[in-house]
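**Student:** test case, fold it:
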Amino acid sequence: MTRSIVPVACCLAAACASGSALRQRADSVAAEVKVARDLNAEACAPRELATAEANLRFARLALDQGDSRRADAHLGTAAPAAHDAVARSRDCGKQAVAIKDKPEPQAPVPVAPSVTAKDGDGDGVPDVDDLCPDVPGPPERRGCPLFTDRDGDGVSDDIDRCPELPGPKENFGCPWPDRDGDKVADKDDRCPDEPGSPDNQGCPRRERLIVVRRDRIELKQQIHFQPNRAKILRDSYDVLDEIAQAVRDASVTVRIEGHTDNVGKRKENVTLSQARADAVKEYLVREGVEAKQLTAVGYGPKRPIASNSTRAGRTLNRRVEFRIEEATN
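**Tutor:** Residues are numbered from 1 along each chain as shown. Model prediction:
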């Protein structure tokens, strides 16, 4: 089936354009955050500065994941916060000091007894100056604590969406989903609803349906077709997939042999066996085997492996065999 790629290409182009525009917005917000910091916003507008920086980090993480919608939402919060941080810092930044003539000495003013300022959290920052008066923090952060990382995943708690469960920064500190619980994240799991081993990409190991011998590929189950037709039944797809993999890996030439029982006219049986051998060849080519590695021959009832006088014998005679002829290299 031919699929149109034009809508996909257009969508990809639009996504790239959106991502580029959002990165430019993020750079603009980052520049304004820098201006705010230069104006001493950490002291003058700490809440606005923290909001701008945290949401800017969220936005850039979302862009790295290709989530433009989430990045746009975070930038929508970061931009006004950065703007407010700059505005609030302009009036409380460095103050100009006017130099006046040296005043005349005056008589000393009696000093009243000092009153100890209240410091509820005991961090050495008086409550009147403490932005976090109930939680101890260093003076350089106006009494607020440093961001912690309770789960030790390298993502600080201020941006960690799962602060008590370790996870990668690409997923905002949360572990990747694992529906089948096999310790292979769904994003890497080829069988996300079926537990499997990590060394098999999260898929369970299944019993092999073929054995490769020196001169043939031995099947543990026959190739099944619709009665008197060359249409392969779905229950034979797995064994054919294994055969395709083996032929690709071994780089050999294989003769596909179609065989029938002796019921019906001989000529019709030969024609049917050839059609079935051809159908198997076409399937293997679709699975990536080079056509030059395969030949298809229909023998009809000429080469029975069991008696055609019994039902069981006739079932065995209706078969497809795979003979290894030579290496292709």
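**Student:** any low-confidence regions in the stretch 101-250 of the chain?
**Tutor:** Along the stretch 101-250 of the chain, the model assigns pLDDT under 70 to residues 101-115, 146, 206.
**Student:** for it, what spans make up the strands?
**Tutor:** Secondary structure of the stretch 101-250 of the chain (DSSP state E, counting those that start in this stretch): strands located at 210-212, 216-219.
**Student:** do I have it right that Asp186 meets Trp176?
**Tutor:** Yes - taking CB atoms under 8 Å as the contact criterion, Asp186 and Trp176 are neighbours in contact, 6.6 Å apart. For the C-beta atoms, the positions are set from N, CA and C on the backbone; glycine is no exception.
**Student:** would you reformat the strands of the stretch 101-250 of the chain as TSV and include distance to Asp182 and mean neighbour count?
**Tutor:** Below are these laid out as TSV (distance: least, CB to CB, whole Å; neighbours: other CB atoms under 10 Å):
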stretch	distance to Asp182	mean neighbour count
strand 210-212	26	15
strand 216-219	30	16
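**Student:** and Ala71, which of the ones you listed is closest to it?
**Tutor:** Minimum separation from Ala71 across those (CB to CB) falls at strand 210-212, 49.3 Å.
**Student:** counting contacts, what elements does the closest one pack onto?
**Tutor:** Contact partners of strand 210-212 among helices and strands, from 3 or more CB pairs under 8 Å, 6 or more residues apart in numbering; DSSP states H and E: strand 216-219, helix 237-250.
**Student:** which of the residues in the longest one are buried?
**Tutor:** Think helix 237-250. Val239, Leu240, Glu242, Ile243, Ala244, Ala246, Val247 (16 or more other CB atoms under 10 Å).
**Student:** Ala41: which of those is nearest?
**Tutor:** Nearest to Ala41 out of the buried residues of helix 237-250 is Ala244 (CB to CB; 63.9 Å).
**Student:** residue contacts, the closest one?
**Tutor:** When contacts are counted by CB atoms under 8 Å, 6 or more residues apart in numbering, Ala244 touches Tyr283, Leu284, Glu287, Gly288, Val289.
**Student:** and the furthest pair within these?
**Tutor:** The widest separation within those (CB to CB) is 10.9 Å, between Tyr283 and Gly288.
**Student:** who has more neighbours out of these two?
**Tutor:** Between Tyr283 and Gly288, counting by other CB atoms under 10 Å, Tyr283 is the more crowded of the two (18 against 10).
**Student:** so the more buried one sits in a strand?
**Tutor:** No - counting by DSSP: H, G, I helix; E, B strand; the rest coil, Tyr283 is not found in a strand; it is helix.
**Student:** just the helices in the protein please.
**Tutor:** Applying DSSP state H to the chain gives helices spanning 6-38, 41-44, 46-64, 68-90, 237-250, 266-286, 311-317.
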